[in-house]
Each structure stands twice: as structure tokens, then as C-alpha cells.
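In: with the input below, show me the fold.
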Amino acid sequence: MIPLDLFGHEDPEEYAERRRRELSGAGVMTYASHEALAAAIRSCSRCPLRREGGLGPVLSTGPSDAPLMIVGEGPGGVEDDYGGPLVGPSGQLLDKALLSVGITRDHVYVTNIVKCRPRGNRTPTMEEGRFCGSIWLASEIALVKPKVIVGLGKVALRFFLGREAGIIRSRGHWIDYHGIPVMLTFHPAYLLRQSGRGLVDAKWQVYYDLLAAKEKAAALSPDWVWKSDTMPNLLESLTEERKRRHEGNHIS
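Out: Numbering: from 1, shown residues only. Below is the predicted model:
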């Protein structure tokens with residue numbers, strides 16, 4: 001864990017050095033295949049989130065060579081149940097948003113900053129996101145090598161930016177992560193809490209953010225196919241993973 005002072009602040013010099021190491025990619029574990037990475041994630045017990053009562057780390061969905069990576073915050077109840085990221089109500093709204101820009105979920109790589117479900121579906125802290133993300137998300141990025149990343153919500157924003165920031169002011173902006181452009185936008189859970197004109201405005205903002213991300217990724221990967229003829233059934237595709245989780249094939 002990152003050492004903090006009595007007031008919960010990180011030493012400025014240590015922060016600067018840590019960010020230098022992160023931006024240079026120092027210390028990131030690399031894996032020969034997605035299967036090897038998945039096995040390593042499943043066996044992880046490095047932080048207290050693993051012991052907060054979930055069924056174990058939630059992995060990714062989508063092709064491991066996708067040019068576009070979608071990064072959420074952390075698994076909720078449905079995600080912990082099935083073992084896939086963003087497959088509950090927020091994920092269903094994400095599917096609709098992606099479809100509005102010509103993408104189906106089976107053509108993008110989707111994952112989370114933290115892999116284990118925080119108790120009570122609370123928002124992961126910045127330290128939890130930094131700790132888990134610097135181990136596993138960084139390894140996923142090194143393996144997938146996405147051309148573009150979309151960060152959903154505050155936890156993703158703070159991980160990629162490396163400091164405290166608010167998503168309302170930051171969404172719609174590009175930032176750089178190890179040479180990869182990252183588009184920041186609202187998490188679908190935020191949209192689910194909106195109503196009226198606020199909901200309409202937020203949906204349009206997400207639409208333009210996703211469209212910009214897709215266009216940039218498509219320009220860098222012109223031969224990539226973005227859409228299937230039929231919408232994939234993500235919950236059905238996770239049947240075996242769900243069975244494995246509920247049979248107890250995870251560390252306790």
C-alpha cells in the first residue's frame with residue numbers, strides 16, 4: 001500500500017517518483033497470453049478487497065486484441081455473480097450507448113480498475129484503484145495494447161490521471177497514459193441516477209465521447225470490425241464462469 005501521512009496525504013516527492021515509475025511502465029508484469037493473465041488474477045489475494053465477501057476477482061470480456069478498451073470502476077452484485085464486468089443494469093445501459101455509435105460488446109475489451117467487489121457496492125477508494133490497477137489493469141493494457149481507452153467514471157479518471165479530480169469537469173477530455181489516448185466519460189451508473197433534462201444531456205455527452213473514442217480507434221485500426229449482426233448475450237456467455245465461481249473454484 002502507498003504510505004500516507006497523518007492527514008491522509010502522500011508525500012509530494014514520493015508521489016512524483018511513483019508517477020515517474022508508472023508512466024515509464026516500470027514494474028508492470030507481462031504475460032504471454034490472456035489465459036495466463038486470467039489465472040494470475042484469479043489467484044490474487046494482495047489487498048483487503050479480496051476478503052470483503054465477493055466470489056473472487058471478476059475478469060474481462062471481449063477480444064484480447066481489440067483496439068478499444070473500456071474501463072469501469074469495479075464489479076457490483078451482478079458482475080460478482082456472473083464473473084464479467086459491466087453486465088448488470090449499468091452494463092446494459094453501456095451496451096445501448098455503444099450500439100448508438102455502431103459497436104457491440106463482443107468487439108471491444110471491457111474490464112475494471114479493481115477486480116473484486118467492494119462490500120455494499122461502495123465506490124473503490126483512490127488508493128484501492130491505484131493499488132489494484134497498477135498491478136492488473138496495467139498488465140491487461142500491456143497484453144491487449146489497445147489503441148484507445150475509454151475510462152468510465154471517477155475511479156477510472158483518478159487512476160489514469162494519477163490524482164484527485166472530478167468526472168463532471170473532466171469528461172470529454174483526452175489524457176495520455178503510456179502513449180495511449182484515454183477518453184474520459186460518465187459511468188453508466190451516473191446516468192441511471194439522472195432524470196429529466198439532466199439525463200438527456202448526460203446521454204448526449206456520453207454519445208459524443210464514445211463516438212470520438214471509436215473514431216480515433218478506427219483510424220488507427222482501419223480493418224477492425226466493430227459490430228455483430230445480433231447483440232451478444234453476455235450473461236449466457238458467462239454461464240461457465242458463473243458456475244465455476246459458485247462451485248467455489250476460487251481462493252478464500
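In: what's around the nearest residue to residue 154 once chain neighbours are set aside, how many residues?
Out: The shortest distance from residue 154 to any non-neighbouring residue, by CB to CB, 6 or more residues apart in numbering, is to residue 167 (4.8 Å). C-beta: built from backbone N, CA, C; applies to glycine. Residue 167 has 19 neighbouring residues, counting by other CB atoms under 10 Å.
In: hang on, residue 65 in a strand?
Out: No. Residue 65 is assigned coil when assessed by DSSP: H, G, I helix; E, B strand; the rest coil, not a strand.
In: give the contact list for the residue lying closest to it once chain neighbours are set aside.
Out: Distance criterion CB to CB, 6+ apart; nearest residue to residue 65, sequence neighbours excluded, is residue 144 at 6.9 Å. Counting by CB atoms under 8 Å, 6 or more residues apart in numbering, residue 144 touches 64-66, 69, 109.
In: equivalent analysis for residue 148, please.
Out: By CB under 8 Å, 6+ apart, the neighbours of residue 148 are 67-69, 180-183, 213, 216-217, 220.
In: among those, which one lies nearest to residue 137?
Out: Using CB to CB, residue 69 comes nearest to residue 137 of those, at 9.3 Å.
In: on the three-state scheme, that closest one is what?
Out: strand.
In: so for it, what's the pLDDT?
Out: Here, the pLDDT recorded for residue 69 equals 98.
In: give me the neighbour count for it.
Out: Neighbours of residue 69 under the rule other CB under 10 Å: 26.
In: cool, residue 44 as well?
Out: 17.
In: one step back: the contacts of residue 148 in helices, which ones?
Out: 213, 216-217, 220 (DSSP state H).
In: CSV please, covering those residues and showing pLDDT, distance to residue 114 and neighbour count.
Out: Shown next, in CSV, are these (pLDDT from 0 to 100; distance: CB to CB, whole Å; neighbours: other CB atoms under 10 Å):
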residue, pLDDT, distance to residue 114, neighbour count
213, 98, 22, 27
216, 98, 26, 17
217, 98, 24, 25
220, 97, 28, 14
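In: contacts only, for residue 145.
Out: So residue 145 contacts residue 65 (CB under 8 Å, 6+ apart).
In: next one: phi and psi at it?
Out: Phi and psi for residue 145, reported as degrees, to the nearest 10, are phi 50, psi 60.
In: just to revisit the earlier point, quick one: contacts for the residue nearest to residue 154?
Out: 153-154, 157, 184, 186-187, 190.
In: residue 205 reaches residue 186, doesn't it?
Out: Yes. Counting by CB atoms under 8 Å, residue 205 touches residue 186, with 6.8 Å between them.
In: who has more neighbours, these two?
Out: Using other CB under 10 Å as the criterion, residue 205 and residue 186 rank with residue 186 on top: 21 against 16.
In: do a quick rundown of the strands in this protein.
Out: Secondary structure of the chain, counting by DSSP state E: strands at 68-72, 109-112, 148-152, 174-177, 180-185.
In: wait, which of these is closest to residue 244?
Out: strand 109-112 (18.3 Å).
In: now do that closest one: everything it contacts.
Out: 58-64, 66, 68-75, 79, 85-86, 137, 140, 144, 146.
In: next: stretch 75-88.
Out: In contact with stretch 75-88 (CB under 8 Å, 6+ apart) are residues 54-56, 58-61, 70, 72, 89-91, 94, 110-112, 114-117, 121, 188, 234-235, 237-238, 241-242, 244-245.
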